[in-house]
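>>> can you look at this prediction? I've put the sequence above it.
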Amino acid sequence: MSWDSIPGFVSVKEAFGETTVTVEPARIRDACLHARDELGFQMLVDIVATDYLNWGGRGVSGYIATASGRDLNFPSTQGLQTLPEVKARRFSVAYHLLALRQPPVRVRLKCWLDDGEPVPSVVSVWPTADWHEREQFDLMGIRFDGHPNLKRLIMDDDWEGHPLRKDYPIGGEPVRFSEAE
Amino acid sequence: MALDKPLKDHGLKSERLLWPSKASKFEDEVNDLEQKVGLTTLAKAVAWAQTNSMWPDTFGLACCAIEMMSIVSSRYDIARFGMEPFRGSPRQADLLIVSGRVSNKMAAPLRQIYDQMLEPKWVIAMGACASSGGMFNNYTILQGVDRVVPVDIYVPFCPPRPEALMEGIIRIHEAHLAGIEPAYARREVAT
Amino acid sequence: MAIAPERPRTRAWPVVHADQYEGTRIPRPVPTVRPVPERLRGSDDVLRINFGPNHPSTHGVLRLVLDLDGEQVVGLDAVIGYLHTGFEKTMEQKTWWKCVTYPERIDYVGFQNNELTFVLAVEKLLDLEVPEKATWMRTLLCELSRIHSHLIFLGTSALELGAVSMFWYCFRERELVLDLFEMVTGQRMHTRYFQVGGLAEDIPEGFYAQCRSFVEWMPKALDDYLALLDRNAIWLERTKGIGVLSADDAIALGQTGPVLRASGVDWDLRRDEPHLSYGQLDFRVPVYANGDVYDRYRVRMDEMRESTRIVDQCLRRLERLKGHPWIADDRKVVLPPREELHTSMESLIHHFKIVTEGFRVPEGEVYVATESPRGEQGCYLVSEGGPKPWRVHFRAPSFVALEATATCVHETLVADLIAIVGSLDAVMGDTDR
């Protein structure tokens, strides 16, 4: 599969048996059109936005749980791992695509954004992107340019803030235990 | 005129009356109230009729709704209590079984439905999410439906077994038969 | 700008039947909103009503804003979010082990399948090998969950269309399935039996006999349902030709599962991208040609039959695996057995660390998709390397199925709309998460 023929291609990474192609956000619609028409990804499965604010900031070395995470011959690997690399930008939007073939081919097109930067909408490429983009706009605050109906989907229409952002509090209330009083 | 006999001597057949010895706190309260609250024969007859045909409203929200549907099914048959017609219109319903988690967006329709019901009306908070927010303590789930509507009975667990829900329903029946008023009257909240 | 530009109708596999209708019925400009036609706009005959969020059909809290011209639906807009529970954000606050209770409540009708998706995703990140017995039991329970979900679909859809007795028949069988769940896991619904690494406990001894009797009874029950519905003239009139969705539109709208298979696309993740033990099982995938409500109903009926066969095969395999381990042995992820805590210091430390701090999952992102009763359910996990997830997102098949409502509604009456929404089988917990 020639990933570098995708317009706006930046890099490709294979991990855990999955392919992630990083694409420039401004060209994501062209990239999706190319993926659908030339590369045969007929179905858009999902659009997910992730907020990487404070990623790796607290340090995550510690008690590691992988079968292959430790090498007994190198004591310094016991329980330590490298800190996750800090991401260049705050948000990523991942488009999960599926090619209905045997065996199926899946790819994740990922683009990186800063806060407030809009992404072209892919509703004209796959109509199913309509609600996926609305949901990510509602919960993460990512604007999709060219979306015909970009308004809140899940939260109330007059809700303020974008709940899934990392700087939005979890909300809820402190639980009062009766014995404590 | 106070009731002349304790509740369990009225021939009511709830399971908890068959438990031996120590009465629960609920039963003590009920017994106290029986001394204070008087029920005339006509009121008793009306209460008997109301409890035997208390129609629930279809307010199934989430997982608890599936267990609420299963009390209608043949194994846990609620038709024996006269309650199998789940009315779509709140105007025709007596009992609101809030089954499932109530989000902030849904709280307004919940209150609207409650307001449209005619008195006397009862509310069961079914499940942990309706009673207290359950396992969800976050920006979107109402921490207990009693913030919005007055609740008569809270049925715990996630989701409650159909038998647990039926126990809750039967306790409402018995409370009504004993003359205890529904929650909105006891708590003096607007209906 | 054209939505889904006109392309030659695909005839290549997996599209097997593509003749449902010409062109595309996806509304423009917004694919999920059917606008009132020009000739009726501003007319006094058009009545705008709210269908929901509290309405007698048991799909939960879906609100459809309908424009009606008499009895015909001329405009439709779906409003969701009344059951938004904040699963994704709540799971970010809990350790990986505690997170497992949450996914079940998303699609609360096929609950084991959601747990499976999440647990498979974590195991993929951990690169953890699950023992064979756990894999087979997971397959069996997921197929029982599929039967459970389709029984609820059939019972409630038939109830809404007026075939009231189906509700009682389907729920009678559903009680048998729930009895099996209760025997194995202790809970009827929301069993929390799948753990990262395998199963929570061993399979109790009486399960095999009871499951065997269920497997023998179920096909007869399915024959009963077919006898009640399938040649009933009213049922056929109310479901045939209603809510047609073509194969191309279904793919463009991202549909998966029974909706896609009823529209003539031969796609099933169990067969095409096998997870668990599906690669070693023998089952058919039902595909129908017309893409209407009747075909979706038939797909689910056939799937119930196939699921019973799969349960039978898993059961036979499990009977030979008695005494095998049911959870992985990796103590950094899996709690050690309680007896060991009295004798082994390492087990005590492992237990302590896993319960208090939680095990850590290496940094990375994965997307794992399984075939839930509604379609492709996916879990997208981003891990920072810490004890809690960084981002969890569930690709909900019901969310996507509801997007197709506006397309399926084409010259329908209100009563047909109920049939269509029922056949899309959307669970609102799955839609709103």
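Nice, thanks for sending it over. What you are looking at is a predicted structure, and each value in this text was computed from that prediction instead of being measured.

>>> show me what from chain B comes close to chain A.
Within chain B, the positions near chain A by C-beta under 8 Å from any C-beta of the partner chain are B:N104, B:K105, B:G133, B:F136, B:N137, B:N138, B:Y139, B:T140, B:I141, B:Q143. From N, CA and C alone the C-beta is placed, and that goes for glycine too.

>>> inside helices: which ones of the residues you listed?
Among those, the members falling in helices (DSSP state H) are B:N104, B:K105.

>>> and the residues of chain B next to chain A, which is closest to A:W112?
Closest to A:W112 out of the residues of chain B next to chain A is B:Y139 (26.6 Å), distances taken as C-beta to C-beta.

>>> from the contact counts, what lies against the helix or strand containing C:R309?
The secondary structure element spanning C:R309 is helix C:293-319 (assigned by DSSP states H and E). Contacts defined by 3 or more C-beta pairs under 8 Å, 6 or more residues apart in numbering or on different chains; DSSP states H and E place helix C:293-319 against helix C:132-160, helix C:207-229, helix C:233-239, helix C:258-262, helix C:414-424.

>>> pull the most distant pair out of the residues of chain B next to chain A.
Greatest spacing in the residues of chain B next to chain A, by C-beta to C-beta: B:K105 and B:N137 (17.4 Å).

>>> those two: which is more packed in?
Each of B:K105 and B:N137 has its neighbours counted (other C-beta atoms under 10 Å in any protein chain shown); B:K105 has more, 24 against 18.

>>> center of chain B, which residue is that?
When C-alpha atoms, centre = their mean is applied to chain B, the residue found nearest the centroid is B:I124 (3.9 Å).

>>> that one and B:D94 touch, don't they?
No - in this structure B:I124 lies outside contact range of B:D94 using C-beta atoms under 8 Å: 11.3 Å.

>>> how much space between C:C314 and C:V215?
Separation of C:C314 from C:V215 (C-beta to C-beta, to the nearest Å): 10 Å.

>>> between these two, which is the more surrounded one?
With neighbours defined as other C-beta under 10 Å, C:C314 and C:V215 compare such that C:C314 has more, 26 against 18.

>>> I'd assumed C:S277 was in contact with the more buried one.
Yes - assessed by C-beta under 8 Å, C:C314 is found in contact with C:S277 at 7.1 Å.

>>> assign A:L33 to helix, strand or coil.
What DSSP: H, G, I helix; E, B strand; the rest coil gives for A:L33 is helix.

>>> distance check, it against A:A99.
Counting by C-beta to C-beta, the gap from A:L33 to A:A99 is 15 Å.

>>> in chain A, where is pLDDT below threshold?
Within chain A, the segments meeting pLDDT under 70 span A:56-84, A:179-181.

>>> tell me the domain ranges of it?
Taking automatic domain parsing as the criterion, chain A consists of the domains A:3-52+A:88-180, A:54-86.

>>> to chain B, which of the ones you listed lies closest?
For chain B, the closest of the domains of chain A is domain A:3-52+A:88-180, at 2.9 Å, according to C-beta to the nearest C-beta.

>>> do the closest one and chain B meet at all?
Yes - if you take C-beta under 8 Å from any C-beta as the test, domain A:3-52+A:88-180 does meet chain B, through A:M155, A:D156, A:P163, A:Y168, A:P169, A:I170, A:G171, A:G172, A:E173, A:V175.

>>> count of residues packed around residue 112?
Here I'm looking at chain A. The number of residues packed near A:W112 is 18, by other C-beta under 10 Å.

>>> chain C was what I was after
27.

>>> shouldn't C:D292 be in contact with C:R238?
No - under the criterion of C-beta under 8 Å, C:D292 is not in contact with C:R238, lying 10.7 Å apart.

>>> higher neighbour count, the two?
Set side by side, C:D292 and C:R238 show more neighbours around C:D292, with 24 against 19, by other C-beta under 10 Å.

>>> can you tell me the element B:A65 falls in?
helix B:63-72.

>>> next: C:D19.
C:D19 belongs to no helix or strand when assigned by DSSP H and E.

>>> cool, C:C379 as well?
strand C:375-383.

>>> what's downstream of that strand, the next helix or strand?
Following strand C:375-383 toward the C-terminus (DSSP H and E): strand C:389-395.

>>> right, I'll call it a day here.
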